[in-house]
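Engineer: Structure of the sequence below:
(chains A, B, C and D, ligands or ions: 4)
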Amino acid sequence: MSEAIRQESPLVERITSGRKAASPSDAGITLRERPFLGCVNLRGNPDDPDFTDAVKGVLGLALPSGPNTVADSGDITAFWLAPTEWFVRTGANAERDLIAGLEEALAGQHIATNDVTGNFTTVELSGPHARDVLEKGCTLDLHPRAFAPGQCAQTLLGHAGILIRPLADGQAFEIVVRRSFADYMFIWLEDATVEYGGMAVSD
Amino acid sequence: MRKYSIFSLARNALSHHENWWQAWRSPEPKKRYDAVIIGGGGHGLSTAYYLAKEHGMTNIAVIEKGWLGGGNTGRNTTIIRSNYLWTASAGIYEKGLKLWEGITQEVNFNMMLSQRGVLNLGHNLQDMRTIERRVNANRLNGVDGVVLNAQQVKEMVPIINTSETNTRFPVLGSSYQPRGGIARHDALAWGMARACDDLGIDVIQQCEVTGIRREDGQVTGVDTTKGFIETNKVGAVTAGNSGVIADMAGIRLPVQSRPLQALVSEPIKPVIDTVVMSGAVHVYISQSDKGELVIGAGVDKYNGYGQKGSISVIEEQLAALVELYPIVSRLRLLRHWAGCVDVCPDASPLLTKTPVDGLYFNCGWGTGGWKATLGSGWCFAHTIANDEPHPLNEAFSMKRFETGAVIDEHGAAGVAH
Amino acid sequence: MSQTKRLQSGGRIDRSKPLTFTFNGQSLQGYEGDTLASALLANGISLVSRSFKLHRPRGIMGAGAECPNSLVQVGRGAGTIPNLRATQTELYQGLEANSVNCWPSVKFDVNAVTGLFSPLLPAGFYYKTFKWPKSWWDKVYEPRIRKAAGFGKAPTEPDPDRYDKKNRHCDVLIVGAGPAGLAAALEAGRRGARVILCDEQNEFGGSLLANRQYLDGKPGIEWAKTAVAELESLEEVTLLARTTAFGHYHHGFVSLLERVTDHMGLTSPDGRPRQRQWRVRANQVVLATGAIERPLVFCNNDRPGIMPASAVSTYINRYGVRPGQRAVVFTNNDSAYQTALDLNDHGIDVAAIVDVRPESDSVLVDRARKEEIPIYGGYAVVDTRGGQHVSGVKVMRLNGRGDGVYGEIHHLDCDLVASSGGWNPVIHLHSHPGGTMRYDESIASFVPDQAVGNTYNAGACNGNFALGGCITEGLSAGATAAAGVGFGSEDIEGEAPATGKQQESPLRPMWRVPSRKAIPRAPKQFIDVQNDQTSADVYLAVREGYRSIEHIKRYTAMGFGTDQGKLGNINGAGIAAEALGEDIAKVGTTTFRPAYTPVTMGAFAGRELGPERFHAVRKTPMHKWHVDHGALFENVGDWKRPWYYPKPGESMREALDRESYQTRHAVGVLDASTLGKIDVRGPDAAEFLNRVYTSGWKTMEVGKARYGIMLSEDGMIMDDGVSARIAEDHYHMTTTTGGAARVLGHLEEYLQTEWPELQVYLTSTTDQWAAISLAGPHARDVVAKVVSGVDLSGGAFPFMTWRDCEAAGVPARLFRISFSGELGFEINVQANYGQYVWDAVWEAGQEYGITPYGTETMHILRAEKGFIIAGQDTDGSVNPMDFGMHGLLSKKKDYIGRRSLSRPDAMREDREQFVGLVTLEDPKEIIPEGAQLVEEPNANEAPKPVPLHGYVTSSYYSSTLGHSIALAMVKRGRERMDDVLYSPQADGRVIQCRITSPVFYDPKGERQNV
Amino acid sequence: MLHIKCPWCGWRDESEFGYGGEAHIERPKDPDSVSDAEWADYLFFGSNRRGDFRERWVHSAGCRRWFNAVRDTTTYEFKAFYRMGEEPPGGEQ
Ligand SMILES: Cc1cc2nc3c(=O)[nH]c(=O)nc-3n(C[C@H](O)[C@H](O)[C@H](O)COP(=O)(O)OP(=O)(O)OC[C@H]3O[C@@H](n4cnc5c(N)ncnc54)[C@H](O)[C@@H]3O)c2cc1C
Ligand SMILES: NC(=O)c1ccc[n+]([C@@H]2O[C@H](COP(=O)([O-])OP(=O)(O)OC[C@H]3O[C@@H](n4cnc5c(N)ncnc54)[C@H](O)[C@@H]3O)[C@@H](O)[C@H]2O)c1
Ligand SMILES: Cc1cc2nc3c(=O)[nH]c(=O)nc-3n(C[C@H](O)[C@H](O)[C@H](O)COP(=O)(O)O)c2cc1C
Ligand SMILES: [Zn+2]
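Structural biologist: Numbering: from 1, shown residues only, chains lettered A, B, ... in the order given. Ligands and ions are numbered 1, 2, ... in the order given. Okay, here's the model as predicted:
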């Protein structure tokens, strides 16, 4: 695709509109959007070695088989979504190749790949109050004893469905949210952070 | 019946109220009755009342497992209206409303019917189409009603938020039924019990029906915690427990029992003079004569006989309330509770004969049968007495689920209270 | 003359921090650490409010949650709060409080005349009166009753404060931080469990804050402080003061209300939420909620100055207040002797201890004797004197059965009566989820029996009133709870502090103190002081046949008040038992329901309010463009969809006319991104579609698209949309905007529960695709400028097909579909490119006069074509035959809903059918949507009911056709073409209309096929 | 606020779930062969049990899987959770 082609993340307005956000040092939380990451929804049968092996060959990592776990190779992150469903994330603009690779390797199998790069966006929340803020609208047990790096979960934040995983012990979280809900979630988070000194936005 | 009046009060005051007579007896069950009504809620009591009054059947008993009016009759938000969409519904609910309008005087017990009007709000264009359709149908069915715009709503309910921008789902308008309103829940149970008693009906409390005996497909009596009672006609009017009674008779009903919750605020000076319901935003409110705001919403999503619901439903309901009426934010919730309502797939009731001869069911009123109490009792009494439905309740048979002629009031009102 | 009733020293108030406040306009002083109630008492003010029914003077009675009186209106303006209990209102600088339920003032209340009529106002009088004349109820009686009722006033402006919620999981939740709760927290916390300890008071310590018990040889509160300090040091322990557990729900879910800033001012001073609701999911719940002392019920026991004994002690010990000069202590148990000692030790005269027990023998009694406090053993207070404050009591000797008095009347002057009828365990939270209770003779009250789930009761709430016992029970509960989550064993690890042994003599149960006169004739004996409910009311209720305690509650309003009968209910049950001649154990209590104390409604709403957060707002990738181009929006489900784009000065009608003219004559562009999209893939995909859609899908070729309808199993139309075949085993399905989630749920349900054998995967891709819909004669020209990689000619790319291509250099799917009847295309691109491609389309369309149009114009255009909108023209009670969609109903296969279509009602001939309508008199008149249709020309005047023949589902002015058009459901409509029907309007008008085909424009479909 | 155990995701709050009513009601294999009454029975006439009730839930905000549970409808206590296709515990009801 040509250089001139413009992508816009769902939070583009929020992030670039020069909001007077607190500086990360005194803000309750800092939000960073990681837009345009290649995202693939993968369906297949985890009990079938043909499937798992082939996927491993393409991704370079084994799909997480335990519910609500994540496998991460640095380049590629695979989240368990359901017994036959994974959310596989790769670098920006890499999704088409990834899908092509998967389709090729899995040809003839009952599988589904869907490009969901535009379907979602990813944000990271960090800062001393990240958990406090999320606890306002998420009924998951976010305590590090219950939700540690390596785990993930699909749940609700306010009225938005999210996919969430802890990054460092209780201090930072990654949230994948549907594109159309991203703005709502941003507003929700910003409002939830008022008592902690506001939400900073970083890029 | 010895009359209640200001004069009887004054007379009794002179004797320090020592000489008040019993409102109803607490008799032991007889061996046999011409008909047994199971359930001492409003519907059961009024069924018995009209059986005696309209059909001359007085050797009857109302059997209540707990205390009179302790079911949904004693735990509802008391909204009365008759502005239902379908002609069949309008017929029976309007009959009910007309009976309400005369019952205080008829049974000499103040039911405190307060015809302060009921508004059903619309929050989107489709709501408004539905409102328009329903009000037009109402008018042609002889039910009073008008459509109001947002400004008229505001005039009637000054505390409502009619901003177009400062709310997620603005108020676009409303239907308004002036004759709608509220009434006193306990008064109905007690007033009808007293009227039944006066007609010679045995109202028996703390007596649970545990079995329904049949011979050759015909009811022969009921087992109760106070012994067997012989009868050939049984009217089951047990709301949320109807499925349990049906089990006893070996039949099934198209109803599911769900918790439905309500709550009251602390009492405050009047802030709202009418009843306002909102389907899309899911809350409804009125203010009782004692001053508390009486607030309800929709049923919980799961089956439950526990008279308890999920607090999240209350939270959503109160969020909707604060969104619609911002000034209530600082008021406080005093108490919340739940009833167990029996919901039909089409949100309309069953007043019906059953495959068992002599067994009749009046149930499925779900979240909205309080208003119909008298109309329901009146029609059901007719059905029991004649073994044949009255034209007003003909459509509310069990058969409709087989033929497909359901009376779907879901879409029509959002919340079917 | 400030704080004249303040003791010289003592109490937990901070005398270095004086606070000024006003009560009924009078400026007063108190100290930090005071409640409004203690500060008022310190200032010699005891008359606070008026009662509900009789407007009797009411003073501060209790010292906490139990107080039925002391209701005040706090603050003014937007922040005002009605009905706050002064005993639970922490004092802050500038607090402004006013009495409620009185006029013109609390001292002189006009409505107090009601008291004169009180003989006419027994329990339930309103059921017997106000019936005549009939019309007066609405017009006279009810308005007056309403005006008289209610206590405080609601604010008249929106709430300036914020509220918040917090979801928390924990291993052990402990409610109540008295000795039992603290012990439980220590035991569980030290083991490393995640503990939450909450208490509704501002400080931890529970009753130790207010009494003079010793632990380890030190004042109990010292022990509590040490315990709190240790708990604070434990990382996994969360301590929440000022936090009420108000409801205990299913499966360990407990709701707490934390009052974050209420003690700092009327509104939050610092941006923090005023209050926060904690939604705690606890694995184990320890209830250590203490006990509430119940007063004795005697004649005229409601006068200001009459208090439960423990409240008197609390004011002395905790607040350093002298609640009176000369007290009478009236009791049936030992605990009030401690109050007598508290009074005595602080130089307050104790005129007498009146003890209904002829004998008693215990440490406390001995001490009272030693202090030479007069003790009237076997006596009772039979009446009181006083106007706005108690000024004396009458005391007589009790008979052996305790049901009568005799002998000389002793008049004792006093300005304070401290009474104790025993203690009621606070079993509210135990009961909420269904915990059972039993009657315990030894304390004459109800105690927890079977708890629900992992719930344990410890301390006074469990009926254990000895301090040592409370602590041991606390430790044990903490151990059991921690063990239940895997932290150690059930054996207590911590050590209990030493308590002095206190021998007690048993209490003498007494629900109602007899007086000289039989009950209805005796002066009023209040049970529920807030509602003016008396023992005579209970007797009356029973006499009239209201025999269940629940009937008594409702007939007499017992426990209906804002205190929910914390002082009165058990007495009421006892008195009911007496009146019924039954055992109180059998009579039982009324049901305990949340909220334990009233909860701010805003705290339930939290931040889920307002245009952005009440519900999610879903936006398309091009949302901002629409805003910038003046769009007004329509809510469709959670989505914001452009409704129409008025230009400055343009009316709605003008805008719609312009949008539809441009679209029909040039080209229009619509943001269709909100339509639901589901990717369906797998070897059985075609079979699956066959089962969920009414029509056949197996034979449709790859590259083609088709319109389909879905039914619910009852045969009614559920949703519709166009689906395209992407590959042999692969479809792209679209749904309506509002129906997307429902449809996906419906499909997954069938796939997983009915047809698990089908190999199909469903994936929601709604948000993945930005959908740009172009319609109009120039649509192809515009598309041609933007899209590459497809032959756009009609022959190569016919109607109802799709192709992969590039749009403005971006990979895209191009669909040739139309919902307007015009030549139409829909470009789908990955959403991040949506705005970019939209811009390109916009740019390309300029030369053709492209216009954006919204949902309203879309509706007009499709209505001109007779296309339905599921959810507008359908209502859940219509089937496909009603819409003449017989052609879409496959006969070769089963599909969801098919069986229902052959039921008698679905086959009925007089069903309503989908037709068009035009108006006759004024062709431009728009029939309102929702209008009903009848055959009767004068329906407004005709006798009701008037048979209904149908109704209007959609109605518009069609600028294209130059007249109005409507779509309607009409009985046997298809047979009745050209018939005339009447639509009577509320304003008296009758609109005449003629039945037509629903397809008004281009019936052959030539325009879309070019 | 029920606490519900998704057989895959574990314990989650009620708000994440949808309710599907009575479990183990099979759609007639050949709808044409059933009478109107039998069809109505399948569609509408559930058991509505008081006491232990087999019911369906879907983890709609989580893994989107349907599963079954046994719950006492008077106390709301869950007695079991099991996956679609698995045998209900406790045998015939
Ligand atoms: C919270 C709530 C709010 C509501 N709000 C409204 C409203 O605003 N407007 C409206 O119109 N409707 C409303 N309703 C619905 C309305 O309350 C009911 O439809 C109506 O009260 C049903 O009356 P009933 O007499 O049939 O039932 P109930 O009053 O429940 O009576 C049934 C009786 O049967 C007894 N019983 C059950 N089993 C047995 C047995 N085996 N043996 C003997 N007796 C038995 C029960 O104990 C009970 O007393 C509401 C309901 C609830 C729960
Ligand atoms: N002498 C007597 O007869 C007698 C009788 C009863 C109690 N007591 C004494 O009282 C003490 C009892 O100790 P304990 O620890 O059992 O109780 P406690 O009364 O000391 O503490 C209970 C605490 O629970 C709090 N609480 C109650 N309900 C609450 C709720 N819903 N949410 C938040 N907090 C709530 C109260 O504010 C209080 O601080 C002992 O010292 C005992 O000797 C004595
Ligand atoms: C219309 C109406 C008004 C009520 N008002 C009050 C009230 O002012 N105070 C109160 O404590 N309860 C009030 N209640 C609730 C009852 O106390 C009780 O919770 C309800 O009848 C359900 O019964 P239960 O809680 O005993 O199960 C009211 C109930 C209804 C139906
Ligand atoms: Zn799950």
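Engineer: Would you mind listing what in chain D touches chain A?
Structural biologist: Where proximity means C-beta under 8 Å from any C-beta of the partner chain, the interface of chain D facing chain A comprises D:8-10, D:12-13, D:15-16, D:61-65. The way it works is simple: take the backbone N, C-alpha and C, and place the C-beta from them, glycine included.
Engineer: give me the low-pLDDT residue ranges for chain D?
Structural biologist: Counting by pLDDT under 70, chain D contains low-confidence ranges at D:91-93.
Engineer: Looking at chain A, which helix is longest?
Structural biologist: Counting residues, the longest helix in chain A under DSSP state H turns out to be helix A:179-192.
Engineer: is any part of that helix close to chain C?
Structural biologist: Yes. Using C-beta under 8 Å from any C-beta as the criterion, contacts between helix A:179-192 and chain C involve A:179-181, A:183-184, A:187-188, A:191-192.
Engineer: Tell me the one of those residues nearest C:Thr156?
Structural biologist: C:Thr156 has its nearest neighbour among those in A:Asp191, at 25.6 Å by C-beta to C-beta.
Engineer: how about B:His55, what does it touch?
Structural biologist: B:381-382, B:385-386 (C-beta atoms under 8 Å, 6 or more residues apart in numbering or on different chains).
Engineer: What subset of those residues is buried?
Structural biologist: Buried by 16 or more other C-beta atoms under 10 Å in any protein chain shown: B:381-382, B:385, out of these.
Engineer: Format those as a markdown table; extra columns: pLDDT, secondary structure and distance to B:Glu394.
Structural biologist: Below are the buried ones among the contacts of B:His55 laid out as a markdown table (pLDDT from 0 to 100; DSSP: H, G, I helix; E, B strand; the rest coil; distance: C-beta to C-beta, whole Å):
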| residue | pLDDT | secondary structure | distance to B:Glu394 |
| --- | --- | --- | --- |
| B:Ala381 | 98 | helix | 15 |
| B:His382 | 98 | helix | 11 |
| B:Ala385 | 98 | helix | 15 |
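Engineer: Quick one: residues contacting C:Asp138.
Structural biologist: Shown here is C:Asp138, whose contacts under the criterion C-beta under 8 Å, 6+ apart are B:114-116.
Engineer: Three-state assignment for residue 131, please.
Structural biologist: In the absence of a named chain, this looks at chain A. Of the three states, A:Arg131 takes helix according to DSSP: H, G, I helix; E, B strand; the rest coil.
Engineer: got it, and B:Gly235?
Structural biologist: Assigned with three-state DSSP, B:Gly235 falls in the strand class.
Engineer: Tell me, how many residues neighbour it?
Structural biologist: Around B:Gly235 there are 29 other residues, counting by other C-beta atoms under 10 Å in any protein chain shown.
Engineer: show me what contacts it?
Structural biologist: The contact partners of B:Gly235, taken as C-beta under 8 Å, 6+ apart, are B:35-38, B:44, B:47, B:360-362, B:380, B:384.
Engineer: Just list whatever residues bridge to it.
Structural biologist: With DSSP bridges as the criterion, B:Gly235 is bridged to B:Ile37, B:Tyr360.
Engineer: And the pLDDT at it?
Structural biologist: In this model, B:Gly235 is scored at 98, pLDDT.
Engineer: How about whatever residue of the stretch 1-150 of chain C ends up closest to ligand 4, nearest residue that isn't a chain neighbour?
Structural biologist: Using C-beta to the ion, the point where the stretch 1-150 of chain C gets nearest to ligand 4 is C:Ala65, with a distance of 40.6 Å. Counting by C-beta to C-beta, 6 or more residues apart in numbering or on different chains, the nearest residue to C:Ala65 once its immediate chain neighbours are dropped is C:Thr597, at 5.0 Å.
Engineer: What residues are bridge-paired with A:Thr69?
Structural biologist: Here A:Thr69 shows beta-bridge partners A:Gln151, assigned using DSSP bridges.
Engineer: Domain boundaries for chain A, per the record?
Structural biologist: Domain assignment for chain A by automatic domain parsing gives A:17-35+A:119-202, A:37-115.
Engineer: next one: the first one to chain centre, how far?
Structural biologist: In this case it means domain A:17-35+A:119-202. Going by C-alpha atoms, centre = their mean, to the nearest Å, the spacing between the C-alpha centre of domain A:17-35+A:119-202 and its chain's C-alpha centre is 11 Å.
Engineer: That domain near ligand 4 at all?
Structural biologist: No. In this structure, domain A:17-35+A:119-202 remains apart from ligand 4 according to C-beta under 5 Å from the ion; the gap is never smaller than 7.6 Å.
Engineer: residues in contact with the residue nearest the centre of chain A?
Structural biologist: Centroid-nearest residue in chain A: A:Val176, 3.2 Å away (criterion: C-alpha atoms, centre = their mean). A:Val176 is in contact with A:39, A:79, A:87, A:89, A:120-122, A:162-164, counting by C-beta under 8 Å, 6+ apart.
Engineer: Could you name the specific helix or strand carrying it?
Structural biologist: Taking DSSP states H and E as the definition, one finds A:Val176 inside strand A:172-178.
Engineer: how about the residues of chain D near ligand 4?
Structural biologist: D:6, D:8-9, D:59, D:62-63.
Engineer: In JSON lines, list those along with secondary structure.
Structural biologist: Rendered in JSON lines, the data for the residues of chain D next to ligand 4 read as follows (three-state DSSP):
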{"residue": "D:Cys6", "secondary structure": "strand"}
{"residue": "D:Trp8", "secondary structure": "coil"}
{"residue": "D:Cys9", "secondary structure": "coil"}
{"residue": "D:His59", "secondary structure": "coil"}
{"residue": "D:Gly62", "secondary structure": "coil"}
{"residue": "D:Cys63", "secondary structure": "coil"}
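Engineer: Any chance of these in CSV with distance to A:Thr30 as columns?
Structural biologist: As requested, the residues of chain D next to ligand 4 are exported to CSV (distance: C-beta to C-beta, whole Å):
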residue, distance to A:Thr30
D:Cys6, 32
D:Trp8, 33
D:Cys9, 29
D:His59, 31
D:Gly62, 27
D:Cys63, 30
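Engineer: can you map out the helices along the chain?
Structural biologist: Picked chain A for this. A:12-16, A:49-59, A:95-105, A:130-135, A:179-192.
Engineer: that's the wrong chain, I wanted chain B
Structural biologist: When assigned using DSSP H, the helices of chain B occupy the ranges B:6-14, B:42-55, B:87-107, B:125-140, B:150-156, B:185-198, B:242-248, B:311-324, B:373-386, B:400-403, B:410-413.
Engineer: looking at these, which is buried most?
Structural biologist: The highest average neighbour count among those, using mean count of other C-beta atoms under 10 Å in any protein chain shown, belongs to helix B:42-55 at a mean of 27.
Engineer: Now do that helix and helix B:373-386, the angle between them.
Structural biologist: For helix B:42-55 and helix B:373-386, the angle between their directions (axes from the mean of the first three to the mean of the last three C-alpha atoms, to 10 degrees) works out to 50 degrees.
Engineer: rewinding a little: out of the helices of chain B, nearest to C:Ala496?
Structural biologist: Nearest to C:Ala496 among those is helix B:311-324; the distance by C-beta to C-beta comes to 36.0 Å.
Engineer: And the closest one, what does it pack against?
Structural biologist: Helix B:311-324 makes packing contacts with strand B:256-265, strand B:275-278, strand B:283-287, strand B:293-299, strand B:332-343, helix C:601-605 when contacts are defined by 3 or more C-beta pairs under 8 Å, 6 or more residues apart in numbering or on different chains; DSSP states H and E.
Engineer: Which neighbours in the sheet does the third one have, and how are they oriented?
Structural biologist: Counting by DSSP bridges, the strands paired with strand B:283-287 are strand B:275-278 (antiparallel), strand B:293-299 (antiparallel).
Engineer: Looking at those, which one is packed in the most?
Structural biologist: When neighbours are counted by mean count of other C-beta under 10 Å, the highest per-stretch mean among the strands paired with strand B:283-287 falls to strand B:275-278, a mean of 26.
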